[in-house]
Structures are given as structure tokens and as C-alpha cells.
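**Student:** All I have is the shape, not the residue letters:
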């Protein structure tokens, strides 16, 4: 399968714990995105990388959240001191940069986080 | 069957009928639009996209129509099948300067009855 891969698929943690998620994008894609989705809502943008550079962060991304893409390939999203409001599906997507135009984002199947 | 907008979250059609899912987007500066299909427990799956210099684009069994005058986007699915049952999201992007950030609508739940 050459699609976007996310690990783990599910994570249950207690409030106050730290969690880390991993995303492996489609190999030829240089752009990588993190989104968050709560039940019944569309995905909300969190942050995006072009190669290893984090170019944009949403105001949704509090200082408890940090994302990295150290070698321009896989990415990790860490949430420190988790809160119940962090419970959501965390989606990763990747795309290729096509000259001056946009290209569609291809999403993984997400990591569902439950904070108890 | 046809949805009337973001405030009608469900659409139920009979197998074989055509479906029309509507979306009102918010930003007149948006220049790229995508429709995604999301099945339960899965991530959004790309269906079709359209740039603002076009008003219609066709794919396999799907057609996207863009009306920039009223900021309206629609997805037409021909001969709807049970496998089309899912939540459908439209998404908009303001262009390269926005870093390809997509803003998603609320979604429409499509149910196809056999």
C-alpha cells in the first residue's frame, strides 16, 4: 500500500499524559499536513510542512502540541499534558507541490485519540 | 436526490438515482476546491477537484460544478450505488500563498437505499 500511513490507529490515554503519533506520507510527496477532526465535523487544519520546514501553524495548535518532520519524510505529532478536549481523530495528509498550482491532499486513516 | 446546503446534513437516495450534494463556500478569494468522501473509521478520500478558472469538471460518474458568482459548489453522482454511502465534504483553498491549507465544510451524509 503506497498511501499515507498513520500509527497508531487508536490511542487511549489518561489526562495529563503525553502522546506521540507518527505519519508516513506518500513517498514522492514533499508536503505534509496535520488535521484534527471531531465527530460530525470536517477536518480542521493544524500545521503543514514543506520538506522538513514547518511553514504554517494554526491557532488551534496550542503550545502543548508540537510537530516535527526531521528528514523531510515521516512526521510526528506530540501532545503534552493531554486534556479531554484533545480527544479527536488526528489526520495526516500529503501532497506534491506542482509548480504554481495546488494539488489534492491525500489523507491517511487517522489516529483516534481518547483522553480519559 | 439533492441536498439544499450545509444546513441539511443528510441526503437519502435510491440506488440508481442521481445524487446532488451542494456546498456554499465562504471565501471569494478561494481558487481551488476539492470534494472528499469519508467512510466511517477512515480518512477523507479524494474524489475530484476544480480550479476557479473552470465551472465544470467531470470524472468517473462524478461531476463538480462551480458557480463563483454565488460561491456555490456541487457534486453530482450519477447512478448512485450503495458503495457511495458516506459523508461528503467540500473543501476550499485560497491558493499557494496560503500554503495549501484546506478549509472544510460541515459535510453531507449520503445514504443509498437498495
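**Tutor:** Received it, and whenever you're ready, just let me know what you need. From a predicted model like this one, the values you see are computed outputs, not experimental measurements.

**Student:** Might you enumerate the residues of chain A proximal to chain B?
**Tutor:** Within reach of chain B by C-beta under 8 Å from any C-beta of the partner chain, chain A has these residues: A:4, A:31, A:33, A:40-45, A:48, A:50, A:55-56, A:91, A:93, A:95, A:100-110. For the C-beta atoms, the positions are set from N, CA and C on the backbone; glycine is no exception.

**Student:** Could you give me the ChimeraX syntax to select whichever of those are buried?
**Tutor:** Applying 16 or more other C-beta atoms under 10 Å in any protein chain shown to those leaves a buried subset, and the ChimeraX line that selects it is:
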select /A:4,31,33,42,43,44,45,48,50,56,91,93,95,102,103,104,105,106,107,108,109,110
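
**Student:** any idea how far residue A:31 is from the closest residue to residue A:7 other than its chain neighbours?
**Tutor:** Counting by C-beta to C-beta, 6 or more residues apart in numbering or on different chains, residue A:22 is the residue found nearest to residue A:7 once chain neighbours are left out, at 4.8 Å. Distance from residue A:22 to residue A:31, counting by C-beta to C-beta, to the nearest Å: 17 Å.

**Student:** returning to what we had before: remind me which helix or strand the residue nearest to residue A:7 belongs to.
**Tutor:** Element membership for residue A:22, per DSSP states H and E: strand A:19-24.

**Student:** For that strand, which residues meet the burial criterion?
**Tutor:** A:19, A:21, A:23, A:24.

**Student:** Show me what the following helix or strand past that strand packs onto, helices and strands only.
**Tutor:** If you walk from strand A:19-24 toward the C-terminus, the next helix or strand you reach (DSSP H and E) is strand A:31-37. Counting contacts by 3 or more C-beta pairs under 8 Å, 6 or more residues apart in numbering or on different chains; DSSP states H and E, strand A:31-37 packs against strand A:44-50, strand A:75-79, strand A:88-95.

**Student:** got any ranges where chain A has weak pLDDT?
**Tutor:** A:1, A:98-101 (pLDDT under 70).

**Student:** Indicate the residue of it located nearest to chain B.
**Tutor:** residue A:42 (3.0 Å; C-beta to the nearest C-beta).

**Student:** Against residue B:45, how distant is that residue?
**Tutor:** 14 Å.

**Student:** Now the common contact residues for the two.
**Tutor:** Common neighbours of residue A:42 and residue B:45, using C-beta atoms under 8 Å, 6 or more residues apart in numbering or on different chains, do not exist here.

**Student:** Which residues are in contact with the most centrally placed residue in chain A?
**Tutor:** The centroid of chain A falls nearest to residue A:34 when counting by C-alpha atoms, centre = their mean (2.8 Å). The contact partners of residue A:34, by C-beta under 8 Å, 6+ apart, come to A:23, A:46, A:47, A:48, A:67, A:75, A:77, A:90, A:91, A:92.

**Student:** at 10 Å instead, please
**Tutor:** A:21, A:23, A:43, A:45-49, A:57-58, A:61, A:65, A:67, A:69, A:75-77, A:90-93 (C-beta atoms under 10 Å, 6 or more residues apart in numbering or on different chains).

**Student:** same deal with residue A:4?
**Tutor:** A:23-26, A:29, A:32-33, A:91-94, A:105-110, B:43.

**Student:** ok, and the closest non-adjacent residue to residue B:105?
**Tutor:** Residue B:105 sits nearest to residue B:90 (C-beta to C-beta, 6+ apart), 4.7 Å away.
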